[in-house]
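> predicted coordinates and the sequence they were generated for:
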Amino acid sequence: MTEKKEIINEFIKLYGGDSSDVRVFSSPGRVNLIGEHTDYNGGFVFPAALSQSSTVAVRKTDTGCIRIAATDLPDRVCLDIEKLGDYRSIKWGNYQAGVAYVMQQEGYYIQSCDILYNDTVPFGAGLSSSAAIEVVMALVIAQFSCEKGVTDKPNMIQLAKLSQKAENVYCGVNCGIMDQFASAMGRKNHAIFLDCKDLSFKYVPLDLNGYKIVIGNTNKKRSLAESKYNERRSQCEEALSQLKLAYPEAECLRDITAEQFEDSKTLIIDDVCRMRAEHVIYECDRVLKSVEALEKDDIRAFGNLMTASHISLRDLYEVTGDHLDIMVEESLAIEGCIGSRMTGAGFGGCTVSIVADYALDNFISEVGKNYEARTGIIPAFYVTEAGDGGREIM
């Protein structure tokens, strides 16, 4: 139910009134095509916004509260605008509350309103459903604040930063900027080459010429515990501190080239820390080569780089797990699949594959059957395309 008319009808069923003052906003999930676990190392990433999105119908009110509901959840939340700091522990709605709280602290006017969410981004699949929820909330608040004359016209990069801040400081998730940036700044039929060190970026056309992006959902919920995530970050920081003996100007692992790493990797005393650094540094190199390949319309080279990324995430960064590895193995076994890798944090979630148009039906059928036989879990598949970022649907 992503069509404007349908979500407005559901909104009216829930909140009453008519459609004259109901508006619709949307922000997408994202798939990271390559460049995994590089963002918090100041590295390069290459995401694309998805056609799956978090779409809201919203109406201004004068109640002093933000009432939030969802089409697929029984939860109903009422956020008191004067007490936005009090909702960190609620089961659903804390992301929205966090965005409102952070933006209030930044001087935005918080308009009381009724909101109905309709989410088509699968939860817990590594496709950034949380970022989609955050960015669309930020966009609603920013637009209403602008109309009140308190703030300027919404700046989507600023809204991405505020959404990330909300997830970091309010929800306690120490994520990088990639997810929110892709959700805010996506462009139809393009991927985003993003430098996470300074947020410089460029759009790269996704002219796949007879191929499609296929997301394979393992339906194993991501289980990368916060302790494991923090452990990876710590290991990268330790590796950097030792590499700085040779390259003191390096501010992050991204600043060290593959050639420099090979010359100086023995400075990293711990074998595991060395593996983590090797993945990050070579993954950044793969992102650069991927952009170059797509700009040359070399889809097969891009597919090979995706597969190499998965192998590195499996063997060096150790964040794939059995279910993702099986999904990638079965994907690559199908004729017409020219590249496959995990996407997202790892240990469950989704893969992303590049599959020839002629092979799509067979790919979904055979990979689904073989994955289920090996894991006992029925997967889901989404043939998707790069979509637009956060926007009001007029």
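Alright, I've got the coordinates.

> how close does residue 385 get to residue 164?
For residue 385, the distance to residue 164 equals 25 Å [C-beta to C-beta, to the nearest Å]. Where C-beta positions appear, they are placed from N, C-alpha and C, glycine not excepted.

> okay, those two: which has more neighbours?
residue 164 (23 against 14; other C-beta atoms under 10 Å).

> what residues are up against that one?
By C-beta atoms under 8 Å, 6 or more residues apart in numbering, the residues touching residue 164 are 175-177, 179-180.

> do the same with residue 81
Contacts of residue 81 by C-beta under 8 Å, 6+ apart are 64-66, 100, 104, 110, 112.

> for ChimeraX, write the selection for the buried entries among those.
Applying 16 or more other C-beta atoms under 10 Å to those, the buried members can be selected in ChimeraX as follows:
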select :65,66,100,104,110,112
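
> what comes up buried for the helix or strand of the chain with the lowest mean pLDDT?
The helix or strand of the chain with the poorest confidence is helix 226-243; it has a mean of 90 (mean pLDDT, DSSP states H and E). Residues of helix 226-243 classed as buried by neighbour count (16+ other C-beta under 10 Å): 229, 232, 235-240, 242-243.

> any figure for the gap between residue 246 and residue 238?
15 Å.

> swap that for residue 144, please
Taking C-beta to C-beta, one finds residue 144 at 45 Å from residue 238.

> check what pLDDT residue 223 gets.
Listed pLDDT for residue 223 reads 55.

> one more: residue 365?
Residue 365 is assigned 98 on the pLDDT scale.

> could you do residue 174 as well?
For residue 174, the pLDDT comes out at 76.

> so it touches residue 168, yeah?
Yes - assessed by C-beta atoms under 8 Å, residue 174 is found in contact with residue 168 at 6.0 Å.

> more neighbours, these two?
residue 168 (16 against 13).

> A strand includes the more buried one, no?
No - when DSSP: H, G, I helix; E, B strand; the rest coil is applied, residue 168 is found to be helix, with no strand at that position.

> surely it touches residue 175?
Yes - between residue 168 and residue 175 there is a contact under C-beta under 8 Å: 6.8 Å.

> on that earlier part again, which one of the contacts of residue 164 sits closest to residue 78?
Nearest to residue 78 out of these is residue 180 (C-beta to C-beta; 25.3 Å).

> distance check, residue 252 against residue 186.
In terms of C-beta to C-beta, residue 252 sits 25 Å off from residue 186.

> please say which of these two ends up with more neighbours.
Between residue 252 and residue 186, counting by other C-beta under 10 Å, residue 186 is the more crowded of the two (29 against 18).

> and the nearest residue to that one once chain neighbours are set aside, how close does it get to residue 10?
Excluding its sequence neighbours, the residue lying closest to residue 186 (C-beta to C-beta, 6 or more residues apart in numbering) is residue 49, at 2.3 Å. From residue 49 across to residue 10, the span is 24 Å (C-beta to C-beta).

> picking up where we left off before, may I see the contacts of residue 164 organised as a markdown table, with neighbour count added?
Listed next are these as a markdown table, based on neighbours: other C-beta atoms under 10 Å:
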| residue | neighbour count |
| --- | --- |
| 175 | 19 |
| 176 | 18 |
| 177 | 22 |
| 179 | 29 |
| 180 | 31 |
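
> which two among the residues you listed are spaced furthest apart?
Within these, two members stand farthest from each other by C-beta to C-beta: 176 and 180, at 9.0 Å.

> what about the protein, any weak spots by pLDDT?
For the chain, the stretches flagged by pLDDT under 70 are 1-2, 222-227.

> let me see the ranges of the strands in it.
Using DSSP state E, the strands of the chain run over 23-32, 44-45, 47-60, 65-70, 76-80, 113-119, 190-195, 201-205, 211-217, 337-343, 350-356, 380-384, 391-393.

> among those strands, which is nearest residue 298?
For those, proximity to residue 298 was assessed by C-beta to C-beta; strand 337-343 is nearest, at 10.8 Å.

> tell me how far the spatially closest residue to residue 144 that is not a sequence neighbour lies from residue 146.
For residue 144, ignoring the flanking residues on the chain, the nearest one in space by C-beta to C-beta, 6+ apart is residue 111 at 3.9 Å. For residue 111, the distance to residue 146 equals 10 Å [C-beta to C-beta].

> looking at these two, which has the bigger crowd around it?
Comparing residue 111 with residue 146 by other C-beta under 10 Å, the one with more neighbours is residue 111, at 20 against 15.
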